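A.B. asks: Fold the following, please.
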Amino acid sequence: MNETVLLYLVLLVGTTVVVSILIKAGLERIGVAPLVGYVLLGFVLQLLDSRGFLTSNTVLEVYGFLAELGIISLLFRVGLESNLSGLLRQLPHACFLLTGDVLLSGSFGFVTAYFLLKLSLIPSLFISIALVATSVGISLSVWQESQALNSKNGELLLDIAEMDDIAAIILMSLLFAIAPFWNGGQEISFIPLLGEVLGPFLLKVLIFGTFCLIFFRYIEHPLTHFFSKIEPAPDPMLMVAGTGFMIAALAGLLGFSVAVGAFFAGLAFSRDPEAVKLDASFGALYEFFVPFFFVNIGLQIKLQALETALGLSVLLLIVALLGKLIGIGGLMLITRSEAASATLLGISMIPRAEITMVIMQRGRDLGDWAVSSQIFAGMALVAIATCIISPVLLYPLLKQWPQKQEVKA
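C.D. replies: Here you go, the predicted model:
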């Protein structure tokens with residue numbers, strides 16, 4: 001990277017930070033979630049980029065890196081402010097709702113792709129599994145801004161969203177193992193194959209779970225206490241943030257979402273009052289990095305894709321909305337939950353972003369027989385639309401139905 005490009009990048013990053021602050025201040029005054037403005041900022045920047053500087057690999061890599069730190073910062077803070085006992089209390093209900101979510105979102109996607117759009121079997125399966133995964137960060141940022149995350153419904157949402165990501169990753173691993181055999185016309189023995197896929201995955205879960213448990217019980221408090229004694233603020237806060245980044249990266253290296261890792265890292269520190277006191281200091285880092293996650297989504301919107309994949313994406317968008325609204329909201333109504341709770345959680349599960357696009361990108365890497373460029377563009381549009389629709393609906397609804405905060409145990 002030459003010095004001129006580097007200076008342009010610094011200028012661009014600085015401009016993004018300053019404009020994001022203005023967007024946040026303006027949209028909060030009219031009751032719109034700031035993340036909607038961040039996504040539109042990315043889209044507008046890309047439209048104004050007549051010379052292709054913003055869509056160059058260098059810029060996309062730098063913004064991709066900042067976006068990764070943004071989603072880690074977002075979920076780390078969510079974990080830091082979470083109520084662990086409340087999350088455990090909601091777990092059985094969340095497991096029940098997850099079943100309906102996976103079955104309905106997945107089957108709606110498959111039926112639409114295979115029977116209505118007349119796509120072949122493997123692309124239909126990729127679409128089906130991609131529509132299962134929820135982008136937890138989009139909705140949680142609205143719940144957090146509305147101070148609703150530590151409510152009963154907020155804890156239930158967190159549980160479902162985390163398990164939803166894990167379910168999508170298991171299904172994705174299974175599909176990647178099966179797809180090449182199917183494409184080659186070979187017969188598949190499902191039980192041994194299931195063992196080959198689930199065995200390594202469960203081993204990774206065991207490794208990450210054991211590490212988190214050891215860190216929770218034996219390392220976190222002495223580490224926080226030690227740094228608080230040897231250095232004044234803000235160094236202890238930076239240690240907490242740095243450790244959160246390391247745990248998130250470890251989760252990513254094991255094949256999980258970095259968002260899941262960041263959430264568990266925040267949850268580990270949330271049990272320590274000394275670390276929680278540092279939360280206010282973390283706010284500056286949070287405000288710096290988080291907009292990049294949403295701006296990067298806007299940068300991915302290609303105007304050409306709107307023309308070639310619009311019809312396909314509209315149909316899949318309807319399916320994406322119905323899958324979560326019925327799979328989560330409908331099931332909650334059947335179990336006699338309040339209509340307000342069912343509506344809020346159904347809408348909150350609509351966004352599809354990082355895991356959905358990872359699945360589609362991995363499929364695209366296999367070739368057109370798995371995911372064609374048109375299908376990829378169509379699903380990218382679905383991801384972007386869901387990331388905008390959900391917060392636009394959720395922000396006013398959370399003001400209309402404020403959520404009662406649970407007391408931390």
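A.B. asks: Centre of the chain to stretch 309-326, how far?
C.D. replies: Relative to its chain's centre, stretch 309-326 lies at 18 Å (Cα atoms, centre = their mean, to the nearest Å).
A.B. asks: Same check on stretch 351-358?
C.D. replies: That offset, for stretch 351-358, works out to 7 Å (Cα atoms, centre = their mean).
A.B. asks: and if you look at stretch 38-45?
C.D. replies: In terms of Cα atoms, centre = their mean, the centre of stretch 38-45 is found 19 Å from the chain centre.
A.B. asks: cool, stretch 128-144 as well?
C.D. replies: Chain-centre distance of stretch 128-144: 5 Å, with Cα atoms, centre = their mean.
A.B. asks: Which residue ranges of the stretch 151-300 of the chain form helices?
C.D. replies: Applying DSSP state H, counting those that start in this stretch to the stretch 151-300 of the chain gives helices spanning 152-183, 190-214, 220-230, 235-253, 258-270, 273-276, 279-299.
A.B. asks: Which elements pack onto the fifth one?
C.D. replies: Just to be clear, that refers to helix 258-270. Packed against helix 258-270 by the contact rule (3 or more Cβ pairs under 8 Å, 6 or more residues apart in numbering; DSSP states H and E) you find helix 57-80, helix 84-111, helix 136-145, helix 152-183, helix 190-214, helix 220-230, helix 235-253, helix 273-276. Where you see a C-beta, it was placed from the backbone N, CA and C, and this is true even at glycine.
A.B. asks: Any idea which of these gets closest to Q46?
C.D. replies: Closest approach to Q46 among these is made by helix 57-80 (10.2 Å; Cβ to Cβ).
A.B. asks: Give the buried residues for the closest one.
C.D. replies: Using 16 or more other Cβ atoms under 10 Å as the test for burial, helix 57-80 gives 59, 62-63, 66-80.
A.B. asks: Dump it to PDB, keeping only the CA atoms.
C.D. replies: Provided in PDB are the C-alpha atoms of helix 57-80 (Å, rounded to 0.1, in the frame of the first residue of the first chain):
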ATOM      1  CA  ASN A  57      -9.800  -4.500  -2.500                       C
ATOM      2  CA  THR A  58      -7.600  -2.300  -0.200                       C
ATOM      3  CA  VAL A  59     -10.500  -0.200   1.100                       C
ATOM      4  CA  LEU A  60     -12.800  -3.100   1.400                       C
ATOM      5  CA  GLU A  61     -10.300  -5.100   3.400                       C
ATOM      6  CA  VAL A  62      -9.700  -2.100   5.800                       C
ATOM      7  CA  TYR A  63     -13.400  -1.500   6.200                       C
ATOM      8  CA  GLY A  64     -14.000  -5.200   6.600                       C
ATOM      9  CA  PHE A  65     -11.500  -5.300   9.400                       C
ATOM     10  CA  LEU A  66     -13.000  -2.300  11.100                       C
ATOM     11  CA  ALA A  67     -16.500  -3.800  10.700                       C
ATOM     12  CA  GLU A  68     -15.300  -7.000  12.400                       C
ATOM     13  CA  LEU A  69     -14.000  -4.900  15.300                       C
ATOM     14  CA  GLY A  70     -17.400  -3.200  15.200                       C
ATOM     15  CA  ILE A  71     -19.500  -6.300  15.600                       C
ATOM     16  CA  ILE A  72     -17.100  -7.600  18.300                       C
ATOM     17  CA  SER A  73     -17.500  -4.300  20.200                       C
ATOM     18  CA  LEU A  74     -21.200  -4.400  19.900                       C
ATOM     19  CA  LEU A  75     -21.700  -8.000  21.100                       C
ATOM     20  CA  PHE A  76     -19.000  -7.700  23.800                       C
ATOM     21  CA  ARG A  77     -20.900  -4.800  25.400                       C
ATOM     22  CA  VAL A  78     -24.100  -6.700  25.100                       C
ATOM     23  CA  GLY A  79     -22.500  -9.600  27.000                       C
ATOM     24  CA  LEU A  80     -21.000  -7.200  29.500                       C
END
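A.B. asks: that older thread, can you redo the helices of the stretch 151-300 of the chain as CSV with mean neighbour count?
C.D. replies: Listed next are those as CSV, based on neighbours: other Cβ atoms under 10 Å:
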stretch, mean neighbour count
helix 152-183, 21
helix 190-214, 13
helix 220-230, 16
helix 235-253, 20
helix 258-270, 26
helix 273-276, 17
helix 279-299, 21
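A.B. asks: Now tabulate the ones you listed in JSON lines and tack on distance to L131 and mean pLDDT.
C.D. replies: Shown next, in JSON lines, are the helices of the stretch 151-300 of the chain (distance: least, Cβ to Cβ, whole Å; pLDDT from 0 to 100):
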{"stretch": "helix 152-183", "distance to L131": "9", "mean pLDDT": "75"}
{"stretch": "helix 190-214", "distance to L131": "20", "mean pLDDT": "75"}
{"stretch": "helix 220-230", "distance to L131": "37", "mean pLDDT": "83"}
{"stretch": "helix 235-253", "distance to L131": "22", "mean pLDDT": "86"}
{"stretch": "helix 258-270", "distance to L131": "18", "mean pLDDT": "78"}
{"stretch": "helix 273-276", "distance to L131": "36", "mean pLDDT": "62"}
{"stretch": "helix 279-299", "distance to L131": "17", "mean pLDDT": "80"}
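A.B. asks: Just tell me which of these ends up closest to L97.
C.D. replies: Nearest to L97 among the helices of the stretch 151-300 of the chain is helix 152-183 (5.5 Å), distances taken as Cβ to Cβ.
A.B. asks: Please compute how far that closest one lies from its chain's middle.
C.D. replies: 12 Å.
A.B. asks: Counting by contacts, list what that helix packs against.
C.D. replies: helix 84-111, helix 121-130, helix 136-145, helix 190-214, helix 258-270, helix 339-348, helix 354-366.
A.B. asks: I appreciate the help and will end here.
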